[in-house]
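Student: sequence unknown, structure follows:
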């Protein structure tokens, strides 16, 4: 390994550890049934057209994390959405999530600049869709620096990251774990394995990708691969919910459980 590559690995490890340990909003949870969420970042037009068509066949609603400043652009993740795609996503009942207006790098951008881009994205969404708002967000490009996590926490119920893992028993609301499909797009085995893990542990699994195409960029996957994932997820009998609705379901079930524990404790003390 060259000295440059070794330093890069150390730098990325440092960032991951800082992100994991600082500016946390820990939340312990237990759910009686696993939850799977599908999400798209940026988002490419094919995520709405091709990906949306596949989701429709399975009756799945997803979360589209949109950087409204990318509308109509061509990026390394393919051709981005147009307004017609936004209208289609809204009509299908999918969730809009925030991905900053400018697609700012979550580590390389200072917290105030990042916050301003979050606010601009929200304002633009509400300008185009007056009844819509962002409840959740995902971090573009990199894991977030602590100041960015703090700014996101002010604005959103949960903030999605990466990590290639299932959320089990505890999550950081400022950096909820997710699984990027494209990192395993040459084999369904890791995908099936992580779905099975979520089901055994009654965890929350969030899938992420970008373009869905017969010739995907390195950030996406093929329609057949995506369809096979959706099919396996449906057969798993997990609940399949957009990110905000998944969080609502988790919080609601845990609040009921906490109230149940409180009632039991009061009864025990009164006897």
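Tutor: Received it, and whenever you're ready, just let me know what you need. Quick caveat, the model's predicted, so the values are computed rather than measured.
Student: alpha carbons only for contacts and neighbour counts from here, please
Tutor: OK.
Student: For the protein, which residue occupies the most central location?
Tutor: Taking Cα atoms, centre = their mean as the criterion, residue 160 is the residue nearest the geometric centre of the chain, at 4.5 Å.
Student: Quick check: bridge partners of it?
Tutor: For residue 160, the beta-bridge partners under DSSP bridges are residue 138, residue 176.
Student: mind listing the strands for the stretch 1-150 of the chain?
Tutor: Taking DSSP state E, counting those that start in this stretch to define them, one finds strands in the stretch 1-150 of the chain at 26-28, 35-42, 63-66, 74-75, 78-79, 95-98, 136-138.
Student: what's the closest of those strands to residue 240?
Tutor: With respect to residue 240, and counting by Cα to Cα, the nearest of the strands of the stretch 1-150 of the chain is strand 35-42 at 4.8 Å.
Student: counting contacts, what elements does that closest one pack onto?
Tutor: strand 63-66, strand 204-209, strand 239-240, helix 243-270 (3 or more Cα pairs under 8 Å, 6 or more residues apart in numbering; DSSP states H and E).
Student: Might you report the residue contacts of residue 99?
Tutor: If a contact means Cα atoms under 8 Å, 6 or more residues apart in numbering, then residue 99 has 41, 42, 65, 66, 67, 118, 121, 137, 138, 139, 140 as its contacts.
Student: Distance of it relative to residue 55?
Tutor: Using Cα to Cα, to the nearest Å, one gets 21 Å for the distance from residue 99 to residue 55.
Student: and if you look at residue 14?
Tutor: Taking Cα to Cα as the measure, residue 14 falls 37 Å from residue 55.
Student: These two: which is more packed in?
Tutor: Remark: of residue 14 and residue 55, residue 55 carries more neighbours, 19 against 12, as counted by other Cα atoms under 10 Å.
Student: can you pull the contacts of the closest residue in space to the more buried one that isn't next to it in sequence?
Tutor: Excluding the flanking residues, the one nearest residue 55 by Cα to Cα, 6 or more residues apart in numbering is residue 61, at 6.9 Å. Residue 61 makes contact with 38, 55, 92, 93, 94, 95, 240, 241, 242 under the criterion Cα under 8 Å, 6+ apart.
Student: can you name the two of these that are farthest apart?
Tutor: Farthest pair in the contacts of residue 61 (Cα to Cα) is 92 and 240. Separation: 15.3 Å.
Student: which of those two has more neighbours?
Tutor: Between residue 92 and residue 240, residue 240 has the larger neighbour count (other Cα under 10 Å), namely 24 against 15.
Student: Now that one. Nearest residue, chain neighbours left out?
Tutor: Counting by Cα to Cα, 6+ apart, residue 240 lies nearest to residue 36, which is 4.8 Å off, once chain neighbours are set aside.
Student: repeat for residue 124
Tutor: Counting by Cα to Cα, 6+ apart, residue 124 lies nearest to residue 68, which is 7.2 Å off, once chain neighbours are set aside.
Student: Could you give the number of residues near that neighbour?
Tutor: By the measure other Cα under 10 Å, the count of residues near residue 68 is 25.
Student: ok, it touching residue 123?
Tutor: No. With contacts counted by Cα atoms under 8 Å, residue 68 stays clear of residue 123, the gap being 10.1 Å.
Student: one step back: enumerate every residue touching the residue nearest to residue 124.
Tutor: Neighbour list for residue 68: 100, 101, 102, 121, 124, 125 [criterion: Cα under 8 Å, 6+ apart].
Student: What residue, apart from its backbone neighbours, is nearest residue 88 spatially?
Tutor: Spatial nearest neighbour of residue 88, excluding adjacent residues (Cα to Cα, 6+ apart): residue 48 at 7.6 Å.
Student: do residue 216 as well
Tutor: The spatial neighbour of residue 216 that comes closest, neighbours along the chain excluded (Cα to Cα, 6+ apart), is residue 222 at 6.2 Å.
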